[in-house]
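[1] need coordinates for the below:
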Amino acid sequence: MAIEMSCARDESGAPAADVIKHLVDLFKYPILEPGSAGYVALVEKARRDLKEFGYCLLQDFVGEDRIDALAAEARELAPLAFHNTLTGNAYLTPLDPSLPDDHPVNRTDTTALGAVAYDQIPAEAMIRRLYDSQVFLDFVSDVLDRGPLFRYADPLGAMNIAVMKEGDHLRWHFDQTDFVVSLLIEGSGGGEYEVYPLTRSPEEENYERVLSILQGEREGVITLDIRPGCLVFFEGRYSLHRVTRVSGDQVRLVALFGFDTSEGTVSSDYLRMIRYGRTG
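    Now for the predicted structure:
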């Protein structure tokens, strides 16, 4: 887990440790000390949570006394977001006419939200410098334990800031990626992150259970306690999840960090269009 700290720099050219020291609660999360007892214990606990629940919540990763500055920065960028409303199924796949209309694959709902693309976030912005830092990348790699990770090479989707205003929501769905790493920057009324942990598996789709949740069954559904400053590791390929409708005037702001086990990952033109309203 050792990192050559003396050479770690973010993309702006500043020492990576600077933004880490400015944002991260290093007493709780000693990510500048890889290999230390505290770092090893932190990573081991996070890995256990992921294995048992499919998610790991690091509350106050960005310290409570530091999140306001990050939120102010994100609020300035929020008006740049492209907003879209989409209709689809929980699997993010085409419908299947060979299956009954009431099959989970053929049940549809809407998702509505905005996104600020990576190229709209200034290189000197704190949230981008966090994403660009080698220290953060190494820590995320250690927690996810899938070997070395790489930042997305996508000029729009490497990272983005999700912007959810009143009425916006994410429908029940499974992710098409093995993991998502995010940071709640600012909360709102509503906007609860609901999960049915490990709904399905590679061996069993569990369609009956999926259908019951889509129809409104609440047994087994949990609401994650995600507060501003919380770093979230989530394995959503097998856990059905959604974000309930946002209410009130305050906008929900979430940084979504793009990492992959392969180098050079980019989004398709289709995904760029529906997320950012453009391909370049």
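
[2] tell me the contacts of Lys169?
    Check again: residue 169 is His, not Lys. Neighbour list for His169: 110-113, 190-191, 242-246 [criterion: C-beta atoms under 8 Å, 6 or more residues apart in numbering]. Every C-beta, even on glycine, is put in place using the N, C-alpha and C of the backbone.

[3] my bad, Val243
    Listed by C-beta under 8 Å, 6+ apart, the contact set of Val243 reads 164, 169-170, 191-194, 252.

[4] Val19 against Gln134, yeah?
    No: checked against C-beta atoms under 8 Å, the pair Val19 and Gln134 is beyond contact range at 11.2 Å.

[5] quick one: what helix or strand has Gly114 in it?
    strand 109-116 (DSSP states H and E).

[6] starting at the chain centroid, how far to that strand?
    14 Å (C-alpha atoms, centre = their mean, to the nearest Å).

[7] name the surrounding residues that touch that strand.
    With C-beta under 8 Å, 6+ apart as the test, strand 109-116 has contacts from 77-78, 80-90, 160-165, 167-173, 214, 275-276.

[8] same question for that strand: list its buried residues.
    Using 16 or more other C-beta atoms under 10 Å as the test for burial, strand 109-116 gives 109, 111-116.

[9] farthest pair within the residues you listed?
    Asp109 and Val116 (24.3 Å; C-beta to C-beta).

[10] re the thing from before, quick one: buried ones out of the contacts of strand 109-116?
    The neighbour count (16+ other C-beta under 10 Å) marks 77-78, 81-82, 88-90, 160-165, 168-173, 214, 275-276 as buried among the contacts of strand 109-116.

[11] just how off-centre is the least confident helix or strand in the chain by mean pLDDT within its chain?
    Every helix and strand of the chain was ranked by mean pLDDT, DSSP states H and E. The lowest is helix 16-23, at a mean of 88. Its chain's average C-alpha position is 21 Å from that of helix 16-23, according to C-alpha atoms, centre = their mean.

[12] and for stretch 250-261?
    Distance, centroid of stretch 250-261 to centroid of chain: 4 Å (C-alpha atoms, centre = their mean).

[13] could you give the mean pLDDT of that stretch?
    On average, the pLDDT along stretch 250-261 is 97.

[14] pLDDT score for Asp10?
    55.

[15] check Glu64 too.
    With respect to pLDDT, Glu64 scores 89.

[16] who's in contact with Gly189?
    Gly189 makes contact with 246-248, 250, according to C-beta under 8 Å, 6+ apart.

[17] try 6 Å
    Listed by C-beta atoms under 6 Å, 6 or more residues apart in numbering, the contact set of Gly189 reads 247-248.

[18] if it is in a bridge, with which residues?
    Ser247 (DSSP bridges).

[19] same deal with the one 5 residues further on?
    For Glu194, the beta-bridge partners under DSSP bridges are Thr223, Arg242.

[20] state the distance from it to Val135.
    Relative to Val135, Glu194 is positioned 32 Å away (criterion: C-beta to C-beta, to the nearest Å).
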